[in-house]
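**Q** Can you look at this prediction? I've put the sequence above it.
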Amino acid sequence: MKTLILLIAVFANVFGWSISLASDGALEINHACVELGCFPGDGPGLPVEVRVPGKYILTSNIETSDPDATVLSIFSNNVRLDLNGFTLKGPNQCDLGSGSCSPGGSGRGINLVGGESAISGLHVVNGQVDGFGNYCMTVGASGFAADITASNCFAGLGVARGSVAERVKAVNNLFGIDMLAEAIIRNSSTIDNIINGIQINSSLRRGIIENCLIIGNGSHGIQAFSPTLITGNLISTNLNGIYFSGAAAGSSAIDNVIQGNENAGVLVNSLDGTAGISFSNNSLSSNGSEPFESQFIFDDPARIIELTPNLCHSSALCLE
């Protein structure tokens, strides 16, 4: 490690890079170094280009007023990025009342060059990403996002195959969290997003959503179009609590509290194939306008499988 640090220092002196190292050897990224290039492989200006595996740490906020600018571009596998409590900020603002975001644009806070399937092992922790017309950020295959707040973006967070999102807050985006492939979202919150809180939009995607707060989203709290395990969540004051359709047959909803959603607690329609969806020990109340009919709305009773009782209004059985 000492040899690597020495080599970096030599190259920095020769080429004029503005390189700083944290005490643990992580390469620093900050507003001051953007103008010249923060380290080898990174040119002047945005985006900061991360081309080498290793540890990186943000040591200031980085802000852009260009709606098409990306702040960080990740070219390498196995990058560990600590936002260190700071913010990557763009100009986009979303408004739940009007149902729109402005000025939009193609910028991202963190972009995976080549797409989510091309980059693996990205870990991003401990900070905020706000105000981008595309995704706030995505983590690729076998990635990890934790202690992140993602807001005012087209989508707060995208998670790819084998990734885990934990203690993520997706707030006031067009879409909250987008499962791009098989992934786990746990101990997180999606609040006041214009359309869906969490969405799984393809038959190729399977996910687990557990112990999350999914509140106040303009359309579905969870939209599942592929088999999904939904367990231990509070799903409240969305248009629909959970919406299952398409390839979602084979999903399970267990131990969720689903309350105060405008249209339905659980909406199931137009499932592909012949399999059903199982429900166990969910508590539903005050969804829609009907005391019981609005708790579960479905087009084919044969596809609804009650493994253990589900309660409506704390006492009555929902699916008798």
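**A** Great, that's in hand.
**Q** doesn't Leu72 make contact with Arg51?
**A** No - using Cβ atoms under 8 Å, Arg51 and Leu72 do not qualify as a contacting pair, with a distance of 11.6 Å. Every residue, glycine included, has its C-beta placed from N, CA and C.
**Q** Where does the prediction get shaky in this protein?
**A** 1-23, 203-204, 320 (pLDDT under 70).
**Q** quick check: domain ranges of it?
**A** Split into domains by automatic domain parsing, the chain comes to 1-154+165-174, 195-320.
**Q** Take the ones you listed and write them to JSON lines, including mean neighbour count and distance to Ser189.
**A** As requested, these are exported to JSON lines (neighbours: other Cβ atoms under 10 Å; distance: least, Cβ to Cβ, whole Å):
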{"stretch": "domain 1-154+165-174", "mean neighbour count": "19", "distance to Ser189": "5"}
{"stretch": "domain 195-320", "mean neighbour count": "20", "distance to Ser189": "4"}
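**Q** Out of those, flag the one nearest Leu180.
**A** Leu180 lies closest to domain 1-154+165-174 among the domains of the chain, at 5.3 Å (Cβ to Cβ).
**Q** Just the helices from the chain, written as ranges.
**A** Using DSSP state H, the helices of the chain run over 2-15, 31-34.
**Q** from the chain's centre, how far out does the shortest one sit?
**A** Spelled out, that is helix 31-34. 27 Å (Cα atoms, centre = their mean, to the nearest Å).
**Q** Who are the packing partners of it?
**A** strand 62-63 (3 or more Cβ pairs under 8 Å, 6 or more residues apart in numbering; DSSP states H and E).
**Q** Can you list the strands that the strand it packs on pairs with?
**A** Note on strand 62-63: by DSSP bridges, its sheet partners are strand 87-89 (parallel).
**Q** circling back: got the domains of the chain as CSV, with distance to Arg186 columns?
**A** Formatted as CSV, the domains of the chain follow (distance: least, Cβ to Cβ, whole Å):
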stretch, distance to Arg186
domain 1-154+165-174, 6
domain 195-320, 5
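**Q** Which one of these lies nearest to Ile184?
**A** domain 195-320 (4.6 Å).
**Q** returning to that earlier point: nearest to Ala181, of the domains of the chain?
**A** domain 195-320 (5.4 Å).
**Q** quick one: Gly37 and Leu72, what's the gap?
**A** 13 Å (Cβ to Cβ, to the nearest Å).
**Q** How about Thr231?
**A** 33 Å.
**Q** I figured Leu72 hits Val34, correct?
**A** No - between Leu72 and Val34 no contact is recorded; they are 10.4 Å apart, counting by Cβ under 8 Å.
**Q** hey, what's in contact with both of the two?
**A** Taking Cβ atoms under 8 Å, 6 or more residues apart in numbering as the contact criterion, the common neighbours of Leu72 and Val34 are Val48.
**Q** what ranges do the strands span in the stretch 1-150 of the chain?
**A** Taking DSSP state E, counting those that start in this stretch as the criterion, the stretch 1-150 of the chain contains strands spanning 27-29, 48-50, 54-58, 62-63, 72-74, 79-82, 87-89, 93-95, 100-102, 110-112, 123-130, 135-139, 144-151.
**Q** need these in a markdown table with distance to Thr190, can you?
**A** As requested, the strands of the stretch 1-150 of the chain are exported to a markdown table (distance: least, Cβ to Cβ, whole Å):
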| stretch | distance to Thr190 |
| --- | --- |
| strand 27-29 | 27 |
| strand 48-50 | 27 |
| strand 54-58 | 24 |
| strand 62-63 | 25 |
| strand 72-74 | 23 |
| strand 79-82 | 22 |
| strand 87-89 | 19 |
| strand 93-95 | 13 |
| strand 100-102 | 16 |
| strand 110-112 | 19 |
| strand 123-130 | 15 |
| strand 135-139 | 12 |
| strand 144-151 | 10 |
